[in-house]
Each structure stands twice: as structure tokens, then as C-alpha cells.
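Peer 1: would you be able to build a 3D model of this:
(chains A and B)
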There are 2 protein chains.
Amino acid sequence: TLVLRNGRTGKMTENGMASRGKVLTIDTMNPTVKKVEYAVRGPIVQRAVQLEKELREGAKKPFAEVIKANIGDAHAMGQQPITFFRQVLALCSYPELLNDSTFPEDAKSRARRILQSCGGSSIGAYSASQGIDCVRQDVARYIEQRDGGIPCDPDNIYLTTGASDGIVTMLKLLVCGEGKSRTGVMISIPQYPLYSAALAELGAVQINYYLNEEKCWSLDISELQRALDEARRHCNPRALCIINPGNPTGQVQSRQCIEDVIRFAAKERLLLMADEVYQDNVYADGCKFHSFKKVLFEMGPEFSNNVELASFHSTSKCYMGECGFRGGYMEIINMDAEVKAQLTKLVSVRLCPPVPGQALMDLVVNCPQPGEPSYNNFMKERTATLGVLAEKAKLTEQILNTVPGISCNPVQGAMYSFPRITIPEKAIREAKEKGQAPDMLYCMKLLEETGICLVPGSGFGQKEGTYHFRMTILPATDKLKILLSKVKEFHQKFTQQYS
Amino acid sequence: TLVLRNGRTGKMTENGMASRGKVLTIDTMNPTVKKVEYAVRGPIVQRAVQLEKELREGAKKPFAEVIKANIGDAHAMGQQPITFFRQVLALCSYPELLNDSTFPEDAKSRARRILQSCGGSSIGAYSASQGIDCVRQDVARYIEQRDGGIPCDPDNIYLTTGASDGIVTMLKLLVCGEGKSRTGVMISIPQYPLYSAALAELGAVQINYYLNEEKCWSLDISELQRALDEARRHCNPRALCIINPGNPTGQVQSRQCIEDVIRFAAKERLLLMADEVYQDNVYADGCKFHSFKKVLFEMGPEFSNNVELASFHSTSKCYMGECGFRGGYMEIINMDAEVKAQLTKLVSVRLCPPVPGQALMDLVVNCPQPGEPSYNNFMKERTATLGVLAEKAKLTEQILNTVPGISCNPVQGAMYSFPRITIPEKAIREAKEKGQAPDMLYCMKLLEETGICLVPGSGFGQKEGTYHFRMTILPATDKLKILLSKVKEFHQKFTQQYS
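Peer 2: Numbering: from 1, shown residues only, chains lettered A, B, ... in the order given. Model prediction:
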């Protein structure tokens, strides 16, 4: 071993040259990046990809295919794109097709409108960093309609690279201070791990508040208060994140709950971040999506003039499921003008969100209207997709609840169930010996034995001593039934094996 | 004024309610974000957008249109997209078109190949976070061909959301330490302001090395050494960024220079970041693009087994100019395996780069081949676009050099000229009184009087006491001639006015 400059050591290689230590090693890399975890694409998924490869190469497994129910990736699970959206995207990509008589007129007029607002009439031009003007106008009109006429200023709309991008950008603006003054951000547990990952990377303090599993994953204000009061002792809580409808928990918040949350945020001076990407995914009777914006404005000027709110939407979920396009927007309410200027500057460094994703976002908020040639087919496709999702939400809950040792709240909305599983003591001990979370052991075994890929609850956070998995409801109905019966069978076997 | 909880102050509003201070203000936001600057979309461009709006609203100006030569946005300046690329993108967006006989067979086979490697055969599915497998394979083959057969492992390829995304991600991995141990990164001056913006946001130390304007913006190793030695006194220099062909300076590095840079990086233990997004944009006689990868491997195993290199490419420049799609890739060489795993984890948090951009990247690296139906037309379009750019590069240099007080190096490559301008003392004093950079004053006046939008050299960095502007060569030849003659006229008037 040699001691090289900077005191690092190297080895003599066979040909006698000094092989220097790397500049960038696990010990000398950004420590905040190391703290980032992201379960949705973690070790289980890596193993699933490997298994798929082994199957392709002819390996013998106790299953013929890997079924991935780990991620809300609708098209990958066979959901069909909306024809109208794809027609317009094709027209925008290759405007020669505007002369093709097989495309409907409303698709052509949408494409023309988008192209006219692109530099050089090309979706290959950069857009304004905040997003294409006409798309932001359409988003604002959509929000106004959705919220019963409450005004929306296009200048408060920022188009984003999926909702994740908007969420990370807002968090980035918020983070400051050191030690006890360090910015803290409240997130629900269970949470979508983008939040914990972003907070780890930014070095912000994650403040956990627990959703109430016994009351269908609802949010209790007293729990918010507990979490906040505790956090104030060691950091500076500045923001409260809500996912509604919930991921991974599938609950839909009542109007009353949203009002209480807003009141809490106002009282405690917290900026609200409302992740509303599942706003069209509401299935349960008596549940309805209420936007934070609408409730805020209905609470009167004391709130609507004061509470700072950022809300997020995306092309990836709802009936569209267009994840690959990375389209999204955020609306900001009551943001300080100087901070807004800083936000605009910050997003300009990345130039602009992908323009095809912006175009798609435009179609979502400006979809075919009654009387337009594509309206009927659009509505048929949309209704069918949402209908099937509602059916699968019900099916998932019902079948899982027939399994002793599994209990599953109703999937009121979104695309996931997050059932609680009983894991025998013996399995918990085995997992701990391996340094593994018990539900990771469970999910890994499930994958190896059945080819079913779920994500352990520990990747989303859960109450100490409870275990869960997250499962999407996206596989086709037939496959979902097979998947659920395999889970049932596995759970019984697993329980027996470890009893 | 009231004192509210947390000691912040508020005002009584007219209706007697306490208007609370904002949670997020310029004083309580992330201080590193405040330090970010991005001249390419700074105040000049904001004013240009405003002027366009005023013109549309019928305001009288001394010009009929605003000509933007501030950003490398080819399509916005009228450059036409490559037909083949757009055909395949339309096919991928709306696969019904695969039955349309007007599309060429090679476009269809490319589309089928891309769709087959997408989940559910849809570009609306998420891809692997590192990028679609077959696209990464095609990128690797392209690099091998480009570099005369030097092997490229698809596993070292990461698809990105434009090159900017890859560059920021690599910088993010590198940043650690505090005070004198804080990571320092060497960047050329003049630079592309993404680098300074990303370093400011990450809180890394920016180490400036100056390109030699007298020698056609070439890179002197002695200047690298000077900058490094100075920096070592106050930070920990870990990476060296090179832009070749240069932005904003348009120089193309010689093979010898690249070899010297690699030797320097090896000796000084610096990770190399090679921004090679203009690799097809080489115009000057005797100039040729040499990739850092190729030179590194030709230098033998002492270097090719040791020097850590990340190189970046994009769909936005070259003959494609498809900025809006945000496509790109990076290749990493000699990266520590554990760090690579961290990199893969980090990119997974954002799920995946936009899939249409990945598809486009695939077409760039897997373009029509001799014998395929689209080959001739593709080559015709490609050659024409690059030919016009070469012509405009020459034209720009020639005309600018006829102006007394402007001197312009040859635009050997890329898409920009960065001429030096003489600004009279009186104008410098006036700018300083206004707290403005003298070349900002110059560019702002140019914009107000002629409608031409350029970016002041101060936004890219320049030697103290020298002044420049960056101008793209992208406007259509006719418009470029008008623009250059207006700049000439303006410069003469400006010089006279301030003499």
C-alpha cells in the first residue's frame, strides 16, 4: 500500500503502476445523498427486474411471470392511453399530419393552438421557464371551473416536470437555518417516499404525523398538534404536506378535515403543500374530492388572503396515467412577491419542463367538450378507465379482508391499498437477525415464491410494531384476481411456516 | 404593528384583522437559492418579453420586432426539425399510425423497437430510472462508433432530462465538507451559467480558470494550475469542468489540449466533467471534435483505468436543436461502484427522464443508415442545417470584426460568438452609478433601441475590465445580417454618444 498525495492510499497493480484512490468514494461523496431512500424503486424492485431477466433466460421459477404492483404506472399495467390525447401529441410532434383527414378537427385545433404558442411553432423549442403561456391560462381556467368559479391567476401557475419536480422545488425554497432553527416539514406517515427523500437530500428535518389507521387513515388534528409541539423543541417547522387522496393509504379527506387542517396551518403559521395528483381517483360512495384551494377560499378572506398554499397536479395519475411524459403543474397562493421572483429565477436554470408533457397537461385541463367531435369517445374512455379502477379498488379491499391476518381499509381513492399484515414473532426475529425490516422479509419471500412485487410498509413509514405492504390496484382485473389469491395463499403459508 | 407568535410582526389591515407576516419571505428562504444567477434568462430577456408584449399591443418602438439571439434555441429561430425524428415521435405517440402507409418503414421499425421496450408498449409508462434499456444500448453503440471502437458499457449510460440535469446530478454527488474542506469545482470563465447556478445552489466553491481570449479562447494548463493552487488554500478542489466545443466562446479544443487537461486531472486528482453537447457543431477548417473519452483511452491504461470522467450529451443542440424535449445522456467512466449505486438511487427519486426525450435521444444515436428509406432525406436535412450554421458562424465573425471597437474570435464550433466590446469610460461610469455592469447597460440600450436581445458578458464571467456579449448564430441568415448590421450601427452610435 502506498500513501499518495492528500494522504489517501492506493494499491500497486500487477503492472506496477499505482492505482490511485478514487476522487469520489462513498466516504467522500455528498452525505445528504447517502441518506436518501426511495422504496418504490428499492431492493425489491431491483430483485424483480433480475427475476424477469432470469425468466427470459429460461430459469425455472415457481411462477411464469413477475407481476409488478409496486408503482402507480398505469400504462405499464395495460391501461390504454386516451386516444384524443395521443392524437394531439402526434399532431404536435409531426405537424404534417394536420393535413391528414383522419384526425378529428378538435384534435387539430388543440394542436394548432399549442404549436402557435411554441417558439417557431415547434414543440422542440424551449418554452418560458414557468411554462407555455396558453397552457398556464388553460390550467387556470380548469382550476376555476373545478373550484366553482374561485379565481385563478395564470401567473400563479408553474408547469413542472411531473408533480415531484414541483414538490422538490417548493421544499428547496423553504429550507434554511441550522440546528434548532433548521426548517422542519410535516409529512404524513405513511407517506409517499418522495417527501422523505427530498427532505433528506435538502437536509431538512422530517416531522412525522401519523394517519389514523383505525379511522380509515384519516387525519387527526390532535396528532398534528402533538407532532408539531414535539418538533418545535428541536427544529423550526415551516410547512405541512398533505396527500389527498392519499398515497399509499387511499383515503379521501372530508371537507371538514381540510378546513381543520387549514385552520391549524393558519394558527401555527405553516405553509401548506397539497399533493392532489389523485384528484380524479375517488371511488367510494360518499367521498368527494375537495381541493385545498377551494376550501381555503370558502373559509373567507382571513384565510384566503393569508395562508400560503402550493398545490400540485400531474399528468401521471387519474384516468390519464401518462407517467412517462413527466407533465405537471403547481399553483401557488399568497406567495410573497420577492420569493415568487426567486422561484421563477430558480426554475429558469433548468430552462423549461419538457414541452410534450406541457402539451399533455394542456389536454388534460382542456379536454374535449360537449359538441366537439371527440367528446363522446373521450368520455367513454375516461369513464371506462375510472370505472375499472373503482371496481378494482373494491375487489382489492374485499379479497384482502378475507385473509386472516390481513386487514385492509377501504380504497376510497388514489391507486393503492396499504393493508396491515400480521407477521409471526418467529419471522420478526428472523428478519431482525438478518438486519431486515420484517415486512421487507415478507415481501421478498412473496416475490421469490410467487413473482408478485409489492413494496414493504417500512418504505413508507408506519407505527412502530405494525407491518404493511403497498399494492397498486392497477393490474388488469383478471391478473389482479390471480395476484390477490396468490397473496392470500402466500400469507397463509407464511403464517403457518413461522408459527 | 403587532408582535405575533414567533416574534414576527404583522400589520392591522383595514378590516381590523391581523395580516400575518408570510411564512416564506426573502429573509427566511433558502439562502443558497438567493445566490443563484442565470443570465441567459435574466433581466434582459424579461425586458425583451415585455417589449414583445408592448409591440403586440400596438406600442410605437424604433423597431418592428424583437430578435432574440440570447439563447441556443434553434427551432424558435426557425430551424426545422429533422423529419425522420418527428415521424418516429408521432408513431410512438399514436401507434395507430403504424398502419399508415405514408410513414417510411425505417421510421416504423424504430418506433416499434422503442415501444417494445416501454412498459405496456406505451411511452406513457415510466421507464427504468437510468433510462430505457434499448436506448442505453444504442447510446453505447453510438459512442463506440464515434470513438473508433473503444468499448462503452450501457450500464455506464444514464439518460437525463437534458444535459443540465446530468451535470447538476454529478455536481450534487461531489459536494461535501465545510470551510476549507468544502468541495471546489473548476469552471472556465467565460462559462455557461448553469455551472455557477448549480454550484451556488449546492453551496460548493466555484473555482474560476480563465480561457485565453488572445489565443482564440484556448485553455492554458498554466492557468488551470494557477487557479487550482490558489483554490487549494481555501477549499477542496475535486472536479474540473470543460465545455468543448465552448459555450459561450465557440472554441474547439485540440487533441493535444485535451490530453494535457487529462494529464492535469490525473496529476491533481480531479474528476473530469466534459460537457460535449455541441459535438456535431464544428465549423472551422482544421478543427475536429475529440471526445474526452476517446483521448482518455488512447492515453493508455494508466489514465483510462484511473481518471474519473463524466461526459454529457443532449438532444437540444447539434443539428437537432430539439430543446423542448429535454433529452440527454451522461456516460460515467471509472466511477466507484458504491457511488454508482448511490447515483442510481438518487435518480430513481425523480422516477425517470421524460420518455419522449429518451425516444428522441435514441433516434439521434440510431439515425437512418445507408440503404434505409429515410437515409437520403435525413442526410440532406442534417447537412443543410449544419451547412447553414457554418455559414452563419463565418458571417458573424466577419461582420463583427468590421466594427471598430468590436473584436470577435472565430466561431470554430457551438452556436455562439462572444465578441469583446470596447465601452467608453463615460458609459462605464454611468453604469457604475446605476449599479449596473457596463455590458448590461450596453445590452439593455441595444435592446431598447433596436429590439435585439443579447446577453451581457458579465452573465458568463470575463476578465476584470473587459466587456463582451454573447450572441447566438441561430437567426435565419437574412435576419442575422440585419441583426449584425444593427449591432454595428448601434455600437458606432453608442461609442460616439459616450465619447
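
Peer 1: got a list of what A:Y192 touches?
Peer 2: Under the criterion of C-beta atoms under 8 Å, 6 or more residues apart in numbering or on different chains, the neighbours of A:Y192 are A:I243, A:N247, A:P248, A:D275, A:F460. (C-beta placed from N, C-alpha, C; glycine too.)

Peer 1: hmm, which two among those are most spread apart?
Peer 2: Spanning the widest gap among the contacts of A:Y192 are A:D275 and A:F460, at 13.9 Å by C-beta to C-beta.

Peer 1: quick one, which of these two is more surrounded?
Peer 2: A:D275 (30 against 25; other C-beta atoms under 10 Å in any protein chain shown).

Peer 1: what sits closest to the more buried one if chain neighbours are left out?
Peer 2: A:I243 (4.4 Å; C-beta to C-beta, 6 or more residues apart in numbering or on different chains).

Peer 1: roughly how far apart are A:G72 and A:L474?
Peer 2: Here A:G72 is placed at a distance of 7 Å from A:L474 (C-beta to C-beta, to the nearest Å).

Peer 1: and for these two, which residues touch both?
Peer 2: A:M415.

Peer 1: picking up where we left off before, for the residue nearest to A:D275, give me its contacts.
Peer 2: A:S188, A:Q191, A:Y192, A:D275.

Peer 1: show the pLDDT at it.
Peer 2: What the model reports for A:I243 is a pLDDT of 96.

Peer 1: now the closest residue to chain B within the stretch 351-499 of chain A: closest residue in space, sequence neighbours ignored.
Peer 2: Using C-beta to the nearest C-beta, A:V355 is the residue of the stretch 351-499 of chain A that sits closest to chain B, at 3.3 Å. Among residues not flanking A:V355 along the chain, B:G324 sits closest, at 3.3 Å (C-beta to C-beta, 6+ apart).

Peer 1: A:Q87 too?
Peer 2: Using C-beta to C-beta, 6+ apart, the closest residue to A:Q87 is A:A107 (4.2 Å).

Peer 1: what's near enough to touch that neighbour?
Peer 2: Contacts of A:A107 (C-beta under 8 Å, 6+ apart): A:F84, A:Q87, A:V88, A:L91, A:S374.

Peer 1: hmm, try it at 10 Å
Peer 2: A:83-92, A:97-98, A:363, A:368, A:372-374, B:94 (C-beta atoms under 10 Å, 6 or more residues apart in numbering or on different chains).

Peer 1: so which strand or helix has it?
Peer 2: Secondary structure from DSSP states H and E places A:A107 in helix A:105-116.

Peer 1: just how off-centre is the helix or strand just after that helix within its chain?
Peer 2: Downstream of helix A:105-116, the next assigned helix or strand under DSSP H and E is helix A:133-146. From the chain centre to the centre of helix A:133-146 is a distance of 22 Å (C-alpha atoms, centre = their mean, to the nearest Å).

Peer 1: go on, stretch A:112-120?
Peer 2: Taking mean C-alpha positions (C-alpha atoms, centre = their mean), stretch A:112-120 and its chain are 30 Å apart.

Peer 1: so the residue minimising distance to the centre of chain A: helix, strand or coil?
Peer 2: Centre of chain A computed as the mean C-alpha position; nearest residue by C-alpha atoms, centre = their mean is A:Y192, 6.2 Å away. When classified by DSSP: H, G, I helix; E, B strand; the rest coil, A:Y192 comes out as coil.

Peer 1: which residues of the stretch 151-300 of chain A lie near chain B?
Peer 2: A:161-162, A:164-165, A:168-177, A:181, A:183, A:193-194, A:196-198, A:200-202, A:204, A:232, A:236-239, A:265-272, A:300 (C-beta under 10 Å from any C-beta of the partner chain).

Peer 1: for ChimeraX, what selects the buried ones among those residues?
Peer 2: The ChimeraX command for the buried members of those (criterion: 16 or more other C-beta atoms under 10 Å in any protein chain shown) is given here:
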select /A:161,162,164,165,168,169,170,171,172,173,174,175,176,177,183,193,194,196,197,198,200,201,202,204,236,237,238,239,265,266,268,269,270,271,272
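
Peer 1: helices of the stretch 251-400 of chain A, start to end?
Peer 2: With DSSP state H, counting those that start in this stretch, the ranges of helices along the stretch 251-400 of chain A come out as A:255-268, A:292-298, A:301-304, A:337-348, A:355-365, A:375-400.

Peer 1: list the buried residues of the second one.
Peer 2: The reference is to helix A:292-298. Result for helix A:292-298 [16+ other C-beta under 10 Å]: buried residues A:F292, A:K293, A:K294, A:V295, A:L296, A:F297, A:E298.

Peer 1: any regions of the stretch 201-350 of chain A where pLDDT drops low?
Peer 2: Nowhere does the stretch 201-350 of chain A drop to pLDDT under 70.

Peer 1: which residues are in contact with both of A:D275 and A:F460?
Peer 2: In contact with both A:D275 and A:F460: A:S188, A:Q191, A:Y192, A:Y195, A:N247, using C-beta under 10 Å, 6+ apart.

Peer 1: for stretch A:466-478, measure first residue to last.
Peer 2: Using C-alpha to C-alpha, to the nearest Å, the end-to-end distance of stretch A:466-478 comes to 30 Å.

Peer 1: pull out the buried residues from it.
Peer 2: For stretch A:466-478, by 16+ other C-beta under 10 Å, it's A:Y467, A:H468, A:F469, A:R470, A:M471, A:T472, A:I473, A:L474, A:P475.

Peer 1: backbone torsions only: list them for the third one.
Peer 2: Translated: A:F469. phi -140, psi 160 (degrees, to the nearest 10).

Peer 1: give me the pLDDT for it.
Peer 2: Model confidence at A:F469, given as pLDDT, is 95.

Peer 1: I'd assumed A:D439 was in contact with it.
Peer 2: Yes: if you go by C-beta atoms under 10 Å, A:F469 and A:D439 touch, sitting 6.2 Å apart.

Peer 1: residues bridging contact with the two, i.e. touching both?
Peer 2: Common neighbours of A:F469 and A:D439, using C-beta under 10 Å, 6+ apart, are A:R420, A:I421, A:L446, A:L454, A:V455, A:P456, A:G457, A:S458, A:G459.

Peer 1: next, format these as TSV and append pLDDT, neighbour count and distance to chain B.
Peer 2: Compiled in TSV, the shared contacts of A:F469 and A:D439 are given as follows (pLDDT from 0 to 100; neighbours: other C-beta atoms under 10 Å in any protein chain shown; distance: C-beta to the nearest C-beta, whole Å):
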residue	pLDDT	neighbour count	distance to chain B
A:R420	96	19	27
A:I421	96	24	25
A:L446	96	22	21
A:L454	94	25	17
A:V455	92	28	13
A:P456	94	26	16
A:G457	94	27	19
A:S458	91	20	16
A:G459	89	28	12
